[in-house]
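Chemist: I would like to see how this sequence folds:
(2 chains)
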Amino acid sequence: MAELKEQIEQMGEQIDAVSELFYQQKNQEGYTQLEKVIVGVAQVIETAYTVYQGDEVVTAKIQKLTATLQETMEAMEDKDTILLADMLKYEVLEQLETLK
Amino acid sequence: MNYREKNTEALKKYRPFLLQRMEEWEEQGGEPLYPCEEIYETEAKDGQSVLHVVRNGKEHRLNSPYRPLDEAKRWTEQFNFKNLHTNVILFGMGNFLFVKTLLSQLQDDATLAIYEPSISIWFWVIEHVDLIEVIQDKRIYFILEDLNKDELLSYLNDTCHWTSVGSQITCHHTGYDKLFMESYRDELAVVQRQMNLAVVNRDTQAFFSHHYVLSSIHNLEYLCESTIIADYLEDFPRDLPVIIVSAGPSLDKNIDLLHEAKGHSFILATDSAVKFLLQHDILPDAMVTIDTRKPASHISDERVRNIPLFCSQESANRIMKFHTGKKIWFKTGAFLNALFAEQKKSFPPYNVGGSVATAAFMIAISFKAKNVILIGQDLAYSGGSTHAGGTVTKIVNEENEGKTVEGIDGKPIKSRHDWLIYLNWFEESIRELEKANWDMRVIDATEGGAKIQGTEIMTLRETLDECCDFSQEFDVVRWFSDKAPTFDYEQIQDVIRYLEDCKEELQELRTMGKDAATICDKALKLMDSKDTVKNESKWQRKKQGYIDQIMNYNASIEKKRCYQLIDVYISDVASKLLRGVFQVSDDEEKDERELLQNASAIYSAVGSSVEELLPEYETMLEHIKERADRKEE
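Modeler: The predicted structure follows:
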C-alpha cells in the first residue's frame, strides 16, 4: 500500500512536468518524458491489481483509468498535444489519486 | 452596444489608422490571404471560451478544452519577464486569452507586437471579444497580415537593437504554427533576419566606428565651400526627370541611351555606378556617396572631380579629399546636424534607407521631381552577376540568405537578403508617396531584376521619349555648381567658433571620462568591503553617494555636443560590455557589480578615445581656418 502511494505521488510530479512541457510547446521533450509516464502508470495499475485483488471498487477504478489511458493515447496519435496534456493532468492524474 | 460597436469606438479613439485600413479593406471587398471555412467557439470544462478554426477542411482547436486560462498561464511561465525593455513578438492572437495573460506579466517598459495572419480571425474577435483594454494599451502593436504587414518591419526597426536582442521573446499562440504554417515560417524569417541585422549592425558599427568618426571630423573642413540640399529645393525644375543610375547588372543593357538623356534630364549616379558610366564616356550630372569605407577607386577619375557630389557627414574622406567640385550635404549625423541647427540650417526629414541607391531616391523625392527613373536597380542576380559589367561581389552568408522574388516579367528571380531589405524600402517609400498623393511617377526602367511594387515598368527608350523635353537643354552641373556656399564668411566664422567650443568640450570629456571611471572603481572597492563593514547605513550612504556622482557625470557627458562622436567611436568597446545590459538576474548585487565594472570600462574608453581624436580634430580646425581665410581673399 505504501509502495503504491509512493508510486502515485511520483507519477503526480511526472505528469505535471510532462503537461507543462506540452503547454509550453516543448513537444519533443514532452514525448520523451511521456514514455516514462506511460510506463509508470502501467506499473501503478499492476501494483494496484496486486494489492487490491478481488476488490470490486478498485477494479472498477482501474478499468476506468485504463479506458482514460486509451483516450489519452488517441490524443497522442492525433498529435493533439494540448488535449494530451489536459487528459494527463485532469483525468489520468485525478483517477490515480483515487487509488491512493 | 455590442462588442463590435464598443471595439470600433475604442479603435477610432486609439487606433484610427488601423480602423481606417479595416474599413477600406471591407469596402473594397478584400479577400483574406489565408481564408478560413469556419470560425466558432465552444465552452471548455471550466466555462472559458475555446476557439476553433476550420481551414482546408481540417479543424484546429486553439485552446485547451479543459482549462484554457490555466493553459495560457502555464504557457507564459516559460518566459522571463523580469528583464528591462522586453519586446515580445507573438504570432497569432487567438481569442486573446494568451494575449491578456501575457500582458498581465509584462512590465510597463515592455512592448508586445501581435502578428495575426488571418483577418477573418481578427474580424471574429472584434465581434465576440471585449478588446477595449487591449486596444488602449500603448505597449501593444497590432500587425494584421492582410492590412499592415509592413509594420512588422517598422516595429522591428524601432525595437530590435542589439542591446535588447537578449531580452526579446519570439513566440506563437498554440496551434497557429500548424494552422498558418507558411505565414509562420515567413514571419519567423523576418524576425530572425532583423535580429541578425541588429547584431550585424552592432558589429558593423563597431568595426566601422573609427572610420566613421574620423571621416566625420575631417569632412568638416569642407563646410566653407559646400552647400546643403535645402539650398536647392525651391528652385529645382520639377519637370526635369531624375534618372537614378545604380550599378545593377541590367545597367549594361541600356546605359548608352544616357548619351541622349544628357542635358534633358538630371543623371544622378550612385558612387558604384560612376565607373561604369565613364567606361561608356557618360558623365553624370551629380554623384551620391555615403559609405565611410567606400574605396577611393569608385570616384577617382579626373573627369568627375568637379561633378557635384551629394555627401553625408561620414562619407569616405578619401573621396571627399579627391573631389574638388561642389559638395552638397544631403544627410548629416547627430553631430553635424546640431552644428547646422545652430546656424538655423535644416535638412528634409527622411530616412535614406541604408544604401546609396535608396539615398539617391530620397534626394529625388526631396526635389519633388515629377518623374523619377530607376536604371540599374536590379536588386536581384542576373545569371551569376551582382553588378554591371558582369561583376560579382559576394557578401557574408550569401549562400544561406537567398530568396526568390517576382521579377519585372512576373517570373521568379533570385535575390539576396540585403537587396530584399532595399526592395522592401523602395516599396514602402513608394506606398508612402501614394498615400500622401504626391505628384510623382516612379518608373523602373532597369529592364530586368526584381519587380518593385508601385513602380511603372517601362524601357528606358520609352521613358526618355515620354519624360524628356528634347527641345530644351539644361546644364544641371552648372546649376548645382553655381550656387553660393551655404555659409558666407561671417557664418563660417561662427561655425569655426562652434567647432572651437567643441574642442574645449572634448578636453572636458577626457577629464570627466577619467574621473567617472575612478568613481566607479571606488564604488567597486566599497562593495568588496561589504562583508567587513561595521556601520551598514553609513556604507549604504557612501555607496549611494558614488552612484549619484556617476549619474551626474553621465548626465554631463551626454550633454556635450561632441559626445555623439565619442559614443560612436567607442561602440566597439561598448558593444561587448553592453550586451545583455537589460537582462536582470536574481542576484541584484552581481548585476550592480557588473554594471559598475562595465561603466568603468566605458568611461575609461571615453577618456582614451578623446586622447586619440583630439589631434585629428585640431588638424581639421587648422584646415577649416585656412579655407575660411582663402574664402575671405
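
Chemist: below-threshold pLDDT in chain A: ranges please.
Modeler: Judged by pLDDT under 70, chain A has no weakly predicted residues.

Chemist: run the chain-centre distance for the longest helix seen in chain A.
Modeler: Longest helix in chain A by number of residues (criterion: DSSP state H): helix A:27-51. Averaging C-alpha positions (Cα atoms, centre = their mean, to the nearest Å) puts helix A:27-51 6 Å from its chain's average.

Chemist: most distant residue from the centre of chain A?
Modeler: What lies farthest from the middle of chain A is A:G54; by Cα atoms, centre = their mean that is 22.3 Å.

Chemist: tell me if the helix or strand that the longest helix of chain A is followed by is near chain B.
Modeler: Where DSSP states H and E defines the elements, the next helix or strand beyond helix A:27-51 is helix A:56-77. No - using Cβ under 8 Å from any Cβ of the partner chain, helix A:56-77 never reaches chain B; the gap is at least 10.1 Å. The C-beta positions use only the backbone N, C-alpha and C, and glycine is treated the same way.

Chemist: which elements pack onto helix A:56-77?
Modeler: helix A:27-51, helix A:81-87, helix A:93-97 (3 or more Cβ pairs under 8 Å, 6 or more residues apart in numbering or on different chains; DSSP states H and E).

Chemist: and those helices, which is most packed in?
Modeler: helix A:81-87 (a mean of 24; mean count of other Cβ atoms under 10 Å in any protein chain shown).

Chemist: who does that one touch, helix- and strand-wise?
Modeler: Going by 3+ Cβ pairs under 8 Å, 6+ apart, helix A:81-87 lies up against helix A:2-23, helix A:27-51, helix A:56-77, helix B:68-76.

Chemist: go through those helices and name the closest to B:K414.
Modeler: Ranking these by their distance to B:K414 (criterion: Cβ to Cβ) puts helix A:27-51 first, at 33.6 Å.

Chemist: ok, and what's touching that closest one?
Modeler: Residues outside helix A:27-51 that contact it (Cβ atoms under 8 Å, 6 or more residues apart in numbering or on different chains): A:1, A:3-4, A:7-8, A:10-11, A:14-15, A:17-18, A:21-22, A:58-59, A:62, A:65-66, A:69, A:76, A:81, A:84-85, A:88, A:92, A:96, A:99.

Chemist: make it 6 Å
Modeler: Residues from elsewhere that reach helix A:27-51 (Cβ atoms under 6 Å, 6 or more residues apart in numbering or on different chains): A:L4, A:Q7, A:M11, A:Q14, A:I15, A:V18, A:L21, A:F22, A:I62, A:T81, A:L99.

Chemist: ok, of those residues, which one's closest to B:S167?
Modeler: A:L21 (23.5 Å).

Chemist: which helix or strand contains the residue lying closest to B:P284 once chain neighbours are set aside?
Modeler: Spatial nearest neighbour of B:P284, excluding adjacent residues (Cβ to Cβ, 6 or more residues apart in numbering or on different chains): B:A269 at 3.7 Å. B:A269 is part of strand B:266-270, with elements assigned from DSSP H and E.

Chemist: need the pLDDT of the closest residue to A:K26 other than its chain neighbours.
Modeler: Of all residues not flanking A:K26 in the chain, B:Q78 sits nearest, at 7.7 Å (Cβ to Cβ, 6+ apart). On pLDDT, B:Q78 comes in at 94.

Chemist: re earlier: quick one: the residue nearest to B:P284 from B:S300, how far?
Modeler: 14 Å (Cβ to Cβ, to the nearest Å).

Chemist: do B:R541 as well
Modeler: 63 Å.

Chemist: who's in contact with residue 81?
Modeler: Let's take chain A. A:F22, A:N27.

Chemist: meant chain B actually
Modeler: Contacts for B:F81 (Cβ under 6 Å, 6+ apart) come out as B:Q105, B:L106.

Chemist: that one looks like it's in a strand, true?
Modeler: No - B:F81 sits outside any strand when classified using DSSP: H, G, I helix; E, B strand; the rest coil, being coil.

Chemist: gap between it and B:S167?
Modeler: 9 Å.

Chemist: touching stretch B:124-137 from outside, list them.
Modeler: Residues contacting stretch B:124-137 (Cβ under 6 Å, 6+ apart): B:Y3, B:R4, B:N7, B:A10, B:L11, B:Y14, B:I39, B:N95, B:F96.

Chemist: out of the residues you listed, which are inside strands?
Modeler: Of the contacts of stretch B:124-137, the ones assigned to strands by DSSP state E are B:I39.

Chemist: which among the contacts of stretch B:124-137 end up buried?
Modeler: B:N7, B:A10, B:L11, B:Y14, B:I39, B:N95, B:F96 (16 or more other Cβ atoms under 10 Å in any protein chain shown).

Chemist: out of the residues you listed, who's near chain A?
Modeler: With Cβ under 6 Å from any Cβ of the partner chain as the criterion, the buried ones among the contacts of stretch B:124-137 include none near chain A.

Chemist: same list, the residues you listed, but as TSV with pLDDT please.
Modeler: Shown next, in TSV, are the buried ones among the contacts of stretch B:124-137 (pLDDT from 0 to 100):
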residue	pLDDT
B:N7	97
B:A10	97
B:L11	97
B:Y14	96
B:I39	98
B:N95	97
B:F96	97
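
Chemist: what is the nearest of those residues to chain A?
Modeler: B:N95 (14.1 Å; Cβ to the nearest Cβ).

Chemist: quick one: which helix or strand includes the nearest residue to that closest one once chain neighbours are set aside?
Modeler: Sequence neighbours aside, B:L51 is the residue nearest to B:N95 in space, at 4.3 Å (criterion: Cβ to Cβ, 6+ apart). Element membership of B:L51 [criterion: DSSP H and E] is strand B:49-55.

Chemist: residue contacts, the residue nearest to B:N95?
Modeler: Here B:L51 is in contact with B:E41, B:L62, B:N63, B:G94, B:N95 (Cβ under 6 Å, 6+ apart).

Chemist: state the distance from B:E5 to B:G448.
Modeler: Relative to B:G448, B:E5 is positioned 52 Å away (Cβ to Cβ).

Chemist: show me what the helix or strand encompassing B:C520 is packed against.
Modeler: Assessed by DSSP H and E, B:C520 sits inside helix B:489-528. The contact analysis (3 or more Cβ pairs under 6 Å, 6 or more residues apart in numbering or on different chains; DSSP states H and E) places helix B:489-528 against helix B:536-559, helix B:588-632.

Chemist: cutoff 8 Å now
Modeler: Helix B:489-528 packs on helix B:334-342, helix B:536-559, helix B:563-569, helix B:588-632, going by 3+ Cβ pairs under 8 Å, 6+ apart.

Chemist: how about the ones you listed, which one is nearest B:R497?
Modeler: Nearest of the helices and strands packed on helix B:489-528 (Cβ to Cβ): helix B:334-342, 10.0 Å.
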